[in-house]
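Undergrad: no sequence on this one, just coordinates:
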Ligand SMILES: Cc1cc2nc3c(=O)[nH]c(=O)nc-3n(C[C@H](O)[C@H](O)[C@H](O)COP(=O)(O)OP(=O)(O)OC[C@H]3O[C@@H](n4cnc5c(N)ncnc54)[C@H](O)[C@@H]3O)c2cc1C
Ligand SMILES: Cc1cc2nc3c(=O)[nH]c(=O)nc-3n(C[C@H](O)[C@H](O)[C@H](O)COP(=O)(O)OP(=O)(O)OC[C@H]3O[C@@H](n4cnc5c(N)ncnc54)[C@H](O)[C@@H]3O)c2cc1C
Ligand SMILES: Cc1cc2nc3c(=O)[nH]c(=O)nc-3n(C[C@H](O)[C@H](O)[C@H](O)COP(=O)(O)O)c2cc1C
Ligand SMILES: Cc1cc2nc3c(=O)[nH]c(=O)nc-3n(C[C@H](O)[C@H](O)[C@H](O)COP(=O)(O)O)c2cc1C
Ligand code: FES
Ligand code: FES
């Protein structure tokens, strides 16, 4: 009932683990797939060299969301081969998230991930916390177009561009990515934000600025998915603030072909994928739907 | 203890009513000043011609914020003269918010508001819900520069540019406004977002898209204020999600010289300005501060 | 929190040629005089008084413009969105109550009457309409034990003329502890004047153009007082209305422009 | 919700040359074995075991790198941020308990011992350090009624050698219902092996590089099991650790790269 086909991959349900969430090691990814019930897993964003990331605090809980500034900490693409190997035992499609400080780096890491046996590549053009990586490319139609085009030239896997709502016009950027050959769009990454502790007068995050995730960004993310879905013909993957089946259904109705779940794991545990799957099923049964495709884009 | 001087205006406290909140008539503005205790009041955004705005629903309460799409409904600048007259009995500075569909309209309405005796002008470059008004100008450095420069040429009042975080680089836009002669910056307006009702599969707002306000946008708005304060030398007015003294203090620490309160009125009533003033005072007394200026920019 | 709930229509009653009552499958436990915002997806959302306040809630609609026409097309099983109950309901404290309702203005008054009778109060109602076929809730009131006077503009039932004529006559002979009124604003304005002469405290339920319905946009604010009809109202005491030079003279359209009921004051 | 609280330092105790205990003005009611994330504004935030778990909470810090040096400079009245208590504490069910602590690893074990004694259990502790002056909480344990064995690498106090040597000897003569250990991972690895031989169920408190501390970033996850040290840990049962080929062999640095304790397996 929940199974979908997406970019040539067979997913038992349309719920993916979002990048950067329990995604830095194979053991972790495998657990989310097997015990958690995710339909696909996206790895932590991987780059050319090992990165320690920002100093702590790298994660703060807010009243209605979460701030994070991990700083793209990752072991680098060389050491990540073993992690992908281990993650494969999770028996669900693996989407390798890739970041770079140059077009060349995106291409290089993408190629290597293909070699490791990833099922698709997600280009992180949405990360708000590291200078010339991520959102830097996602803010500009030209840069977004070029990075996608370059990767497409050398990588044969489906390529998904993950975008940010911080860009003035996310629809224009999504179209630029589609033009450049992107096979799908993920919307959205976390939004640049901060928290100051008023007792000490200091920004709480080690990096001062971080990315806002969680239920507070959902209305913005749903809007992005809705606007993008109307303008592109490639699949759109929704992301931002999903904790329940109702949240996911809202995304499908806005035109999402699949969704990713990140910080929702905090309130509902690693098995959130199983729980949300059940909730979607219940809704579908109550309302007489027999396949996810029947609700996709209903609100458009 | 809370009084400030801002752009030549004397405010009994640094808490202003945000534009579009109870701001469409003089009686309403006067009540917010007298019973509410606001230090200054910003009018609804006024344009050249009467506008009925979008169809209802124009306002929806979400889990941790509010969506609105009033659509710049306003009686037009001709009829607004009486409203400003009535509002003056509130005995606090009146900031006239102005929008236009062209540079000329911004200038024209600004000039007329000056004639009506407003104390300052706030250019709405942040409104996300009406095509070629508001955020349209706030998304581009060039347009923002030009609209401010044009208004400054013909209006002698202090001119404040109200910006949106939807712009790719709000700091660049703030700098463009400062270059063009803006006397202050308000950050931020509501953020483009939407809500779909999953029982009916329809977008809830009459306009489908709306602006997100309330506590969920505070971390983004505080970040904008922090980043802008570091780069401009004109006063910055913080706006977004303020409901308590602690919220306001966070903005001051991020560099805001004053703040605006909008949807906070829903949870704390019209007297929110009095309540927040008291909470700020308490904090200052406990921590040994004697003036607001001592906490402004503390976290920078 | 004031979130929207999707309700199903359980029953539709055709009260008059132009008025229908919709009974929904939700219980909002409203105080008579409170309203809900009624959402018709892709069409509009407007305030409606709760005409059945306990148990399954009801709203009673006069077909007027586009929104109410579309609403009145709905059948049993149809879904609408409901936000509420909102605003301030009527406040009853006396023992002898008088209600004056014009047209669909009976909607908030009928549940008020029923509740009052249940609490052992004596209720008299003056119900007016253009014509006999448009009289609303007369049977409902009688069944509840209300003494009912009727007036129609065309004389097809009861007194030929206005509710205010009946009111004036009635108050020659009797007095009441409280008066409640809902209907065209000109009528309510007159009711207030007449009742004030006789020193009967009166509450009126106002209609204004609502956008947010929750007290934030300011489009329903009354001049002179700054009070929000959606929040401090829609029911107001005579004393509150006396402070508003707007009441009885003008209202504001969706743009916030003043629209005078008659000639400009 | 796991929000940060700002705490004031009420008391500073210099436990050894390199270890200090900070008593704060907040009560987090932690279970021994749980940790808090300690924030030093503008510096860093790191996990620390709660060493005084009821009443005013305490943490006990070994000066090691930049963060702990800056922390140890703080005086009474200084402010730090605290998130927690977090993670899973030790689970006590037996009556004869054995604790094996190395260095600052005594931090979570001391409150465990005190609580157990209060509940009438028999507690034996093996406390190890490099040298006599670095022995932590020996007096505290004795005062609570714990039977204490001491070992130092240099023989300046108690047995000259490792805690594991004392353990091996002790288990020749006696047995226990449960064993708890915290300290260098190589030590804990050996303790597990020795206790397993004697069929004594053991719980160990692990150290890993924590970023989020709350179970979302994945940086502290153990290979082989996928368990998060910050969430399913930091205390683990021997059975859980046996499933991880990482335990005793390597950890991951801030970048997530494997760092081997000794030679690569
Ligand atoms: C608190 C409150 C309770 C209400 N309860 C009910 C109810 O129980 N039943 C019911 O049928 N209606 C009720 N209304 C009115 C309802 O909300 C609609 O305004 C009305 O039904 C018109 O709807 P429409 O969109 O179909 O017509 P429209 O197309 O909006 O209007 C038709 C005509 O009515 C005029 N009009 C619209 N609004 C106003 C106004 N506020 N004052 C004066 N003239 C106006 C228009 O100018 C137009 O000529 C209530 C309104 C309020 C504020
Ligand atoms: C659950 C938990 C509880 C803890 N409780 C305490 C406690 O009660 N008291 C206390 O003093 N410390 C405790 N720690 C350790 C503490 O969090 C810091 O890692 C430690 O104090 C080093 O801090 P630093 O930044 O000053 O030194 P750093 O500069 O970070 O490190 C100094 C040296 O230690 C090494 N190192 C750092 N982290 C690890 C690690 N995870 N494994 C192996 N080697 C490492 C570094 O490589 C370096 O050589 C705990 C850790 C965890 C995970
Ligand atoms: C701790 C953390 C780390 C993240 N790291 C990455 C990352 O490396 N790459 C990326 O594309 N997104 C990253 N994100 C963003 C998430 O993938 C996701 O887009 C965001 O959290 C919004 O989804 P949510 O509201 O479901 O959490 C990270 C988010 C968090 C909370
Ligand atoms: C109902 C409503 C109407 C608004 N109308 C305007 C407007 O006309 N002009 C404007 O600049 N901002 C308008 N705003 C945005 C607010 O001024 C403010 O920037 C936003 O609500 C964020 O502040 P808050 O979180 O305190 O509400 C409106 C907001 C709401 C909720
Ligand atoms: S309708 Fe918005 S304040 Fe009343
Ligand atoms: S430190 Fe982030 S999951 Fe444990």
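TA: Cool, the structure landed. All values reported here derive from a predicted model rather than from experimental measurement. Ligands and ions are numbered 1, 2, ... in the order given.

Undergrad: in the sheet, who's paired with residue A:261?
TA: Beta bridges link residue A:261 to residue A:17, judged by DSSP bridges.

Undergrad: count of neighbours near residue 37?
TA: The chain I'm using is chain A. Residues within reach of residue A:37, counting by other CB atoms under 10 Å in any protein chain shown, total 20. Every C-beta, even on glycine, is put in place using the N, C-alpha and C of the backbone.

Undergrad: chain C, not that one
TA: 25.

Undergrad: what do you get for the one 3 residues further on?
TA: When counting by other CB under 10 Å, one arrives at 22 neighbours for residue C:40.

Undergrad: again, but for residue A:208
TA: Neighbour count for residue A:208, taken as other CB under 10 Å: 20.

Undergrad: try residue C:165
TA: The burial count for residue C:165: 16, using other CB under 10 Å.

Undergrad: same check, this time on residue C:139
TA: Neighbour tally, residue C:139, other CB under 10 Å: 11.

Undergrad: right, is the helix or strand bottoming out on mean pLDDT in chain A up against chain B?
TA: Every helix and strand of chain A was ranked by mean pLDDT, DSSP states H and E. The lowest is helix A:135-138, at a mean of 79. No - using CB under 8 Å from any CB of the partner chain, helix A:135-138 stays clear of chain B, with a minimum separation of 9.1 Å.

Undergrad: repeat for stretch A:187-199
TA: Yes - residues of stretch A:187-199 contacting chain B under CB under 8 Å from any CB: A:191, A:192, A:193, A:194, A:195, A:196, A:198.

Undergrad: beta partners for the third one?
TA: Taking DSSP bridges as the rule, residue A:193 bridges to residue A:210.

Undergrad: buried sites along stretch A:56-69?
TA: For stretch A:56-69, the neighbour count (16 or more other CB atoms under 10 Å in any protein chain shown) marks A:56-62, A:64-69 as buried.

Undergrad: near ligand 3, from those?
TA: A:59, A:66, A:68 (CB under 6 Å from any ligand atom).

Undergrad: pick out whichever of these sits closest to residue B:37.
TA: residue A:66 (34.1 Å; CB to CB).

Undergrad: enumerate every residue touching the residue of the stretch 151-300 of chain A found nearest ligand 4.
TA: Across the stretch 151-300 of chain A, the shortest distance to ligand 4 (CB to the nearest ligand atom) belongs to residue A:216, at 11.8 Å. By CB atoms under 8 Å, 6 or more residues apart in numbering or on different chains, the contact set of residue A:216 is A:62, A:64, A:65, A:241, B:64, B:65, B:215, B:216, B:217, B:219.

Undergrad: any idea how far it lies from ligand 3?
TA: Distance from residue A:216 to ligand 3, counting by CB to the nearest ligand atom, to the nearest Å: 9 Å.

Undergrad: now that residue: how far from chain D?
TA: 14 Å (CB to the nearest CB, to the nearest Å).

Undergrad: did I read that right, that residue in a strand?
TA: No - counting by DSSP: H, G, I helix; E, B strand; the rest coil, residue A:216 falls outside a strand, being helix.

Undergrad: where are the low-confidence patches of chain A?
TA: A:129-135 (pLDDT under 70).

Undergrad: what residue ranges in chain C score low on pLDDT?
TA: Checking chain C against pLDDT under 70 turns up C:1-2, C:263-265.

Undergrad: most centrally placed residue in it?
TA: For chain C, the residue nearest the mean C-alpha position is residue C:105 (3.8 Å; CA atoms, centre = their mean).

Undergrad: residues touching that one, list them.
TA: C:181, C:182, C:183, C:184, C:187, C:205.

Undergrad: repeat that for 7 Å
TA: C:182, C:183 (CB atoms under 7 Å, 6 or more residues apart in numbering or on different chains).

Undergrad: what helix or strand does residue C:203 sit in?
TA: strand C:202-205 (DSSP states H and E).

Undergrad: quick one: the strands in the stretch 201-300 of chain A?
TA: All strands of the stretch 201-300 of chain A, identified by DSSP state E, counting those that start in this stretch, fall at A:202-203, A:209-213, A:236-239, A:258-261.

Undergrad: does anything pack onto the third one? Which helices or strands?
TA: Think strand A:236-239. Under the contact criterion of 3 or more CB pairs under 7 Å, 6 or more residues apart in numbering or on different chains; DSSP states H and E, strand A:236-239 touches strand A:184-187, helix A:218-231, strand A:258-261.

Undergrad: before we move on, back to that, looking at the contacts of residue A:216, which is nearest residue C:33?
TA: Using CB to CB, these come closest to residue C:33 at residue B:65, 29.8 Å.

Undergrad: need the nearest residue in space to the closest one, chain neighbours excluded.
TA: Distances taken as CB to CB, 6 or more residues apart in numbering or on different chains put residue B:214 closest to residue B:65, at 3.4 Å, once the chain neighbours are dropped.

Undergrad: what's the neighbour count on the one you found?
TA: Count around residue B:214 with other CB under 10 Å applied: 26.

Undergrad: just so I have it, where are all the helices in the stretch 101-250 of chain C?
TA: C:106-118, C:138-144, C:163-173, C:185-197, C:238-242 (DSSP state H, counting those that start in this stretch).

Undergrad: can you name the residues of the stretch 51-200 of chain A that neighbour ligand 3?
TA: So the stretch 51-200 of chain A meets ligand 3 at A:59, A:66, A:68, A:70, A:72, A:97, A:124, A:126, A:127, A:162, A:189, A:190 (CB under 6 Å from any ligand atom).

Undergrad: looking at the helices of the stretch 101-250 of chain C, which is buried most?
TA: Mean neighbours per residue, mean count of other CB atoms under 10 Å in any protein chain shown, is largest over the helices of the stretch 101-250 of chain C for helix C:106-118, with a mean of 24.

Undergrad: which residue ranges make up the domains of chain C?
TA: Per automatic domain parsing, the structural domains of chain C span C:5-86, C:90-201, C:206-265.

Undergrad: report the closest residue of the stretch 1-150 of chain A relative to chain C.
TA: residue A:64 (12.7 Å; CB to the nearest CB).

Undergrad: for residue 86, grab phi and psi.
TA: I'll assume chain A. When read as degrees, to the nearest 10, the backbone of residue A:86 gives phi -70, psi -40.

Undergrad: I was thinking of chain C, sorry if that wasn't clear
TA: phi -130, psi 170.

Undergrad: burial count for it?
TA: A count of nearby residues for residue C:86, using other CB under 10 Å, gives 21.

Undergrad: and residue A:244, by the same measure?
TA: 17.

Undergrad: quickly note the distance from it to residue A:189.
TA: 21 Å (CB to CB, to the nearest Å).

Undergrad: please name the residues that touch the nearest residue to residue A:289 once chain neighbours are set aside.
TA: Using CB to CB, 6+ apart and skipping the chain neighbours, the partner closest in space to residue A:289 is residue A:295 (5.9 Å). Contact analysis of residue A:295 by CB under 7 Å, 6+ apart lists A:249, A:252, A:253, A:289.
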